[in-house]
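Undergrad: Have a look at this prediction, sequence included:
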Amino acid sequence: MIAHFQAIVMGLVQGVTELFPISSLAQAVILPTILGWDNLARAQSQPESFFLAFLVGLHVATAHSAAHLLLERLARHHRRLLPDPR
């Protein structure tokens, strides 16, 4: 299983590096090995891996956050460009 601390670190690294030209899947595979999290490194090669499910959830959450941010900024620009109907 993945510990809360490990999940938080993985989420923070994913969030910080999302907008950089770094493969998020590669950093998710390399980071546990570098930090010595052997349970996660071993789980990556198993056919039914809890770590794979965690990574999918992490990427879905990242995509949701990015889409929310984009739509929020588009709405702000839309309100600025259109005249007030009052």
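TA: That came in fine, so what should we check first? Residues are numbered from 1 along each chain as shown.

Undergrad: neighbours around I8, how many?
TA: 10 (other CB atoms under 10 Å). The way it works is simple: take the backbone N, C-alpha and C, and place the C-beta from them, glycine included.

Undergrad: Report pLDDT for it.
TA: Looking at I8, its pLDDT reads 90.

Undergrad: State the three-state secondary structure for it.
TA: What DSSP: H, G, I helix; E, B strand; the rest coil gives for I8 is helix.

Undergrad: go on, the one 5 residues further on?
TA: Secondary structure of V13, reduced to three states by three-state DSSP: helix.

Undergrad: who's in contact with L55?
TA: Counting by CB atoms under 8 Å, 6 or more residues apart in numbering, L55 makes contact with L25, A28.

Undergrad: element containing it?
TA: helix 50-81 (DSSP states H and E).

Undergrad: list the buried ones in that helix?
TA: Under the neighbour-count criterion of 16 or more other CB atoms under 10 Å, helix 50-81 has F51, F54, L55, L58, T62 buried.

Undergrad: how about JSON lines for these, with distance to Q14 and pLDDT added?
TA: Formatted as JSON lines, the buried residues of helix 50-81 follow (distance: CB to CB, whole Å; pLDDT from 0 to 100):
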{"residue": "F51", "distance to Q14": "13", "pLDDT": "83"}
{"residue": "F54", "distance to Q14": "11", "pLDDT": "87"}
{"residue": "L55", "distance to Q14": "9", "pLDDT": "86"}
{"residue": "L58", "distance to Q14": "6", "pLDDT": "88"}
{"residue": "T62", "distance to Q14": "6", "pLDDT": "86"}
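
Undergrad: If anything else comes up later, I'll come back, but that's it for now.
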